[in-house]
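Participant: Prediction below, plus the sequence it came from.
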Amino acid sequence: MVEDLTPDLILLDLKMPGRNGHEVLAVIKADDEFRRIPVAVLTSSDQDEDVAASYAFGGNHFITKPETPEEREHSLGRLLTNMEALSRVSRGSGLLATTGVSAVDAGGVALRQFLMWAGVVGTIGFLGAFAYFMGVL
């Protein structure tokens, strides 16, 4: 009976015993029967490498595990809302596109990216000014 049920969504943790979540995600997306099921990676990691790898392996959503039950409920509610919106858009194709819309801490990610680029621009500016004053430029 369970074999006849196909889930509407797979919640996948990255940190598991035996295989890691990216390995499991690759197996899911390589299987013709399961490839069409959207996969939400739900993990404690917020590392850019884990986010990128999750999408590269075919994950549809990346959610950093919230710390409180209320935050978890809110995050999963947003995920389900996003899935409903995507299913309306992709009706007929049977596929949900990979999307970053459900990234839980979108503000934190944007702030981190802004700070990274501000650091890069600041460093380049500093090196340019240093080279100018040293007579290199």
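Facilitator: Perfect, I can see it now.

Participant: Centroid-nearest residue for this structure?
Facilitator: Nearest to the mean C-alpha position of the chain, by CA atoms, centre = their mean, lies residue 62 at 2.9 Å.

Participant: Would you mind measuring from that residue to residue 23?
Facilitator: Distance check for residue 62 against residue 23: by CB to CB, to the nearest Å, it reads 16 Å. Heads up, the C-betas are built off the backbone N, CA and C, glycines and all.

Participant: got the residue ranges for the helices in the chain?
Facilitator: Applying DSSP state H to the chain gives helices spanning 21-30, 48-56, 69-89, 106-133.

Participant: Work out the gap between the third one and the centre of the chain.
Facilitator: The reference is to helix 69-89. 14 Å (CA atoms, centre = their mean, to the nearest Å).

Participant: what stretches of the chain score poorly on pLDDT?
Facilitator: Low-confidence segments of the chain, defined by pLDDT under 70: 1-4, 86-112, 137.

Participant: domains of it?
Facilitator: Domains of the chain are assigned by automatic domain parsing as 2-104, 106-137.

Participant: most tightly surrounded among these?
Facilitator: Most buried of the domains of the chain, by mean neighbour count (mean count of other CB atoms under 10 Å): domain 2-104, with a mean of 15.

Participant: Residue 28: what's its closest spatial neighbour, skipping adjacent residues?
Facilitator: Closest residue to residue 28 apart from its sequence neighbours, by CB to CB, 6 or more residues apart in numbering: residue 34 at 4.8 Å.

Participant: ugh, wrong one, residue 53
Facilitator: In space, and not counting its chain neighbours, residue 53 is closest to residue 22: 5.3 Å by CB to CB, 6+ apart.
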